[in-house]
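>>> Have a look; sequence and predicted model below, questions after that.
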Amino acid sequence: MTLYLADTSIWSWAHGERRPDISDRLAAIGERDELATCVPVVLEAQHRARTGDEYESVFEASFGTLRWLRTGETELSRALDVQRSLAHAGHGYHRRPSLDYLIAATAELAGPDVVLWAFDRDMGVICEHTGQPCELETADPVA
């Protein structure tokens, strides 16, 4: 069974009105129990909450029932290794958000059946470099 780790970019687009297709797909994947999250995604997504009550409400509605992938020392080490490797791949290639490395490493080390689903060019660069499964959304949905 494929399990999707939805990056913060997916959650952001799903809660907007411009891409209902992402929101619909997120819901469908969740209904099939194929949706996962991890601490770095939640840290990024939840920073927008204005109050504790809003934080708890969004947390429970979005992440409360999902599968949680581990982000521990092994994933932290892998994130650093990938960043270092990208630094040697080309000038500035390693200049990606730190949490993107952690999210990508969490998905990669969770196993070959975990697909990182993102709307983020930085994630695309990282996943292309590691060779891990990744689905990238584009600005315009394919008809």
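Okay, I see it. Numbers count the residues shown, from 1 in each chain.
>>> use CA for all of it now, contacts and neighbours both
Fine.
>>> Show me which residues of the longest helix anywhere in the chain are buried.
Counting residues, the longest helix found in the chain (DSSP state H) is helix 73-89. Residues E75, R78, A79, V82, Q83, L86 are the ones in helix 73-89 that count as buried (16 or more other C-alpha atoms under 10 Å).
>>> pLDDT below threshold where in this structure?
140-143 (pLDDT under 70).
>>> What are the boundaries of the strands in it?
3-6, 35-37, 67-68, 114-118, 134-136 (DSSP state E).
>>> now the ones you listed as TSV including distance to D100?
Supplementary listing: those in TSV, determined by distance: least, C-alpha to C-alpha, whole Å:
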stretch	distance to D100
strand 3-6	12
strand 35-37	13
strand 67-68	17
strand 114-118	10
strand 134-136	13
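>>> So for F59, which of those sits nearest?
strand 35-37 (11.4 Å; C-alpha to C-alpha).
>>> Tell me how far that closest one lies from the chain's centre.
9 Å (C-alpha atoms, centre = their mean, to the nearest Å).
>>> Next: stretch 119-138.
10 Å.
>>> Return the set of buried residues in it.
Neighbour count says stretch 119-138 has F119, D120, D122, M123, G124, I126, C127, Q132, P133, C134, E137 buried, by 16+ other C-alpha under 10 Å.
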